[in-house]
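>>> My questions concern the predicted model and sequence given below.
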Amino acid sequence: EDKSVHKNSVTLLKWSPCGSRLVSTDKEGVVGVWKPERGRLVMICKIPPQRSKGAVTHVVFRTNDPRPKVKAGGDDMPCFYFAGEDGIVYLGSDDKNHVTEVMKMESSDGGFSGTMVLMYYHDADQVVGINEQLIMYRASGPNETGAVESIPHMKLAARPVEGDRMMQALWVNTGLLVTSSNESILRFWKLASDENFILRIEDEQVPPD
């Protein structure tokens, strides 16, 4: 354990897909990348100081990165997106000198809005985020030249999340995301065609528990 990395409460621990790295985050916005088999810290992600800081609450790995693989210690380590209370999504990796801002999930008035959901759309190589105002943002990249392609964001027709409740999201098929937020409705988002539909829990098609 390296107590010099996190001086505040840890908010998240997440393994890389191949299990060679462990990513840790905390309430002050510090992100650490660890190589557990040797019990050592690989790097700390440094967010530019002019950016708003807050807890980092979400991490997803970029498992379909078209760029050359990042290698450290002989093991493949995919880059990862991370975001939190300020709604800014970054791309981090084993290389401490390359932390890239990918997108900013702003509120409707252009201010900060915290992250509710962060997912990775593998087939399209896109990061998908939903902020506290239920606005969905999407972006692809950066590519080999460092460019990021932003996809137009959209306001979700869903009940606002209140109190300590959280929006839940998962992939049910390729490019088909389902979300649930404080209501007896499942909302499906078909990202490739920008279609959406709902399934009410009381519908006859839903089997009883």
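Okay, I see it. Numbering: from 1, shown residues only.
>>> For this structure, name the helix or strand with the lowest mean pLDDT.
Using mean pLDDT, DSSP states H and E, the weakest-scoring helix or strand in the chain turns out to be strand 71-72, at a mean of 38.
>>> what bridges to the residue nearest the centre of the chain?
Most central in the chain under CA atoms, centre = their mean is Leu118, positioned 3.1 Å from the mean C-alpha point. Taking DSSP bridges as the rule, Leu118 bridges to Gly129.
>>> Same check on Arg200?
Beta bridges link Arg200 to Ile185, judged by DSSP bridges.
>>> Over to Ser140?
Gln126, Glu149.
>>> State whether it and Val128 are indeed in contact, as I suppose.
No. If you go by CB atoms under 8 Å, Ser140 and Val128 don't touch, sitting 10.3 Å apart. Any C-beta I mention is one placed from the backbone N, CA and C, and that applies to glycine too.
>>> who's more crowded, these two?
Val128 (24 against 17; other CB atoms under 10 Å).
>>> Just give the nearest non-adjacent residue to the more buried one, would you?
Met119 (4.5 Å; CB to CB, 6 or more residues apart in numbering).
>>> List the contacts of the one you found.
60, 127-129, 169, 171, 177 (CB atoms under 8 Å, 6 or more residues apart in numbering).
>>> if we go to 7 Å?
Counting by CB atoms under 7 Å, 6 or more residues apart in numbering, Met119 touches 60, 128, 169, 177.
>>> Show me which of those is closest to His98.
Val60 (17.4 Å; CB to CB).
>>> Next, count neighbours for the closest one.
Val60 has 20 neighbouring residues, counting by other CB under 10 Å.
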